[in-house]
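Peer 1: Just to be clear, the model below is a prediction. Sequence and coordinates:
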Amino acid sequence: MTSTAQAPQQGARTAQPEHLGHVIFIAAAAAMGGFLFGYDSSVINGAVEAIRDRYDVGSAALAQVIAIALIGCAIGAATAGRIADRIGRIRVMQIAAVLFVVSAVGSALPFSLWDFALWRVVGGFAIGMASVIGPAYIAEVAPPAYRGRLGSFQQAAIVVGIAISQLVNWGLLNAAGGDQRGHLMGLEAWQVMLGVMVVPAVLYGMLSFAIPESPRFLLSVGKRERAKEILAEVEGKDVDLDARVAEIEHAMTSEHKSTFKDLLGGGFFFKPIVWVGIGLSVFQQFVGINVAFYYSSTLWQSVGVDPADSFFYSFTTSIINIVGTVIAMIFVDRVGRKPLALIGSVGMAVGLALEAWAFSYHLVDGKLPSTQGWVALIAAHVFVLFFALSWGVVVWVMLGEMFPNKIRAAALGVAAAAQWIANWAITASFPSLADWNLSGTYIIYTVFAALSIPFVLKFVKETKGKALEEMG
């Protein structure tokens, strides 16, 4: 590469936007989809036992109803990248916002269990779209020097959404006298919990009208002057805008033409870099993190914790999740993606192993023995902390930046779809596995946390500080 080509990359990498606050607002608005992702994913935690009671279903059927949303997530994730390449990133956000609203209303007012499952799928499709478009959009508008921190807004929004959903659930449960089926505003408490999501969904739609389109998409449809205006906003006016536009256009020459076939290659169907993205997605889910957010109140009640306290522990876990995410946001651009992932893997393995040990003891009067109960509670928080400060943020940041420009949209869609399929496998299997052997279930999660260590060491490359045009 010539020194002329290197110059704009270096300038973009070190650019200090004159209006950094505006760039932060853009990233935060895009990450509102992550908030809804977290809220919609976790709010069901407060409704699980009420749904079981209202529709009189067993663990296996209940798990399928809870997990069916993840099928929608996988479809939404797999298609969002291609849709975004055709109609733009902002339009995809607006479609997702509408689907979130429809899902919230439908889930709160179901006619039957299968009707409820249908609205879960609609919400899942919106989550899948948001899971792809958020990190991709932020990676495309963020200056490279800030990309890790701004990219981590997606995970920060997810964990805040989880925490708010648990706080709302806890407050509504108390307002209903501790009964998930108690009446509030003419509905059962669990219905109100699900319906409240209309508020942030509408806000997300409104914010999507206040942020600019991605410069890379604008260049792909020939809107060079508008793309330069946005680059000046987010990378600084001192950057050679003509050189940056030329650099991006050169790097994305075939990006808008990329298809699924572009991901193929090598001896194992996909190109190696695509498999690394899939591996990151699968390991992120196979440690069982979403069990903590879909089933935590049910889990704690199964070992003797009363419903009100179980909802409170779900909330405290989500606060720990936020703390870990803030730690990751501080260090992701300082320490790097790979070291954080390794630290998190070790911490998760320890926390999960301690949970497995605690759950191996027999219940006494319907409760875990005191020592094991406290170990289980503390270890659960340790596990969530180490996940949040590592894999929770690192995977989303890396999926937004690790792929070459010409395959980024398609590769990100495949990796995100793999994540949702893995999420579905864990979510759908947990109730039956827990009925079989709760301790054994956590041993399985521990093994995957341990296996993620050699995977990161051997296959994951550091992306800290690199421009998107350098990937691949």
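Peer 2: That came in fine, so what should we check first? Numbers count the residues shown, from 1 in each chain.

Peer 1: give the contact list for residue 440.
Peer 2: Residue 440 is in contact with 356, 433, counting by Cβ atoms under 8 Å, 6 or more residues apart in numbering. Backbone N, C-alpha and C define where each C-beta goes, glycine included.

Peer 1: what do you get if the cut-off is 10 Å, keeping everything else the same?
Peer 2: For residue 440, the contact set (Cβ atoms under 10 Å, 6 or more residues apart in numbering) comprises 356, 359, 360, 433, 434.

Peer 1: low-confidence ranges in this structure?
Peer 2: For the chain, the stretches flagged by pLDDT under 70 are 1-19, 253-259, 266-268, 465-472.

Peer 1: now the strands for it?
Peer 2: 183-184, 187-188, 264-268, 270 (DSSP state E).

Peer 1: ok, back up a step: which PyMOL command selects the buried ones in the contacts of residue 440?
Peer 2: To isolate the buried ones among the contacts of residue 440 in PyMOL, judged by 16 or more other Cβ atoms under 10 Å, type:
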select buried, resi 356+359+433+434
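
Peer 1: Can you tell me which of the contacts of residue 440 end up in helices?
Peer 2: Within the contacts of residue 440, residues falling in helices by DSSP state H are 356, 359, 433, 434.

Peer 1: Reformat those residues as JSON lines; add distance to residue 425.
Peer 2: As requested, the ones in helices among the contacts of residue 440 are exported to JSON lines (distance: Cβ to Cβ, whole Å):
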{"residue": "356", "distance to residue 425": "19"}
{"residue": "359", "distance to residue 425": "21"}
{"residue": "433", "distance to residue 425": "11"}
{"residue": "434", "distance to residue 425": "15"}
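
Peer 1: Helices along the stretch 351-472 of the chain, start to end?
Peer 2: Per DSSP state H, counting those that start in this stretch, the stretch 351-472 of the chain carries helices over the ranges 370-388, 391-401, 408-459.

Peer 1: Can you say which of the ones you listed is packed in most?
Peer 2: helix 391-401 (a mean of 27; mean count of other Cβ atoms under 10 Å).

Peer 1: what's the burial count for residue 390?
Peer 2: Residue 390: 29 surrounding residues under other Cβ atoms under 10 Å.

Peer 1: and the residue lying closest to it once chain neighbours are set aside, how far is that from residue 333?
Peer 2: Nearest non-adjacent residue to residue 390, counting by Cβ to Cβ, 6 or more residues apart in numbering: residue 344, 2.2 Å away. Per Cβ to Cβ, to the nearest Å, residue 344 is found 16 Å from residue 333.

Peer 1: Just want to know which of these two has more residues nearby.
Peer 2: residue 344 (29 against 20).

Peer 1: you'd agree residue 62 is up against residue 431?
Peer 2: Yes: using Cβ atoms under 10 Å, residue 62 is in contact with residue 431, at 6.3 Å.

Peer 1: Now do the shared contacts for the two.
Peer 2: Joint contacts of residue 62 and residue 431 (Cβ under 10 Å, 6+ apart) are 48, 52, 298.

Peer 1: Now, those that are in helices?
Peer 2: Counting by DSSP H, the part of the shared contacts of residue 62 and residue 431 found in helices is 48, 52, 298.

Peer 1: which non-adjacent residue is nearest the second one?
Peer 2: Read it as residue 52. Spatial nearest neighbour of residue 52, chain neighbours left out: residue 62 (5.3 Å); criterion: Cβ to Cβ, 6+ apart.
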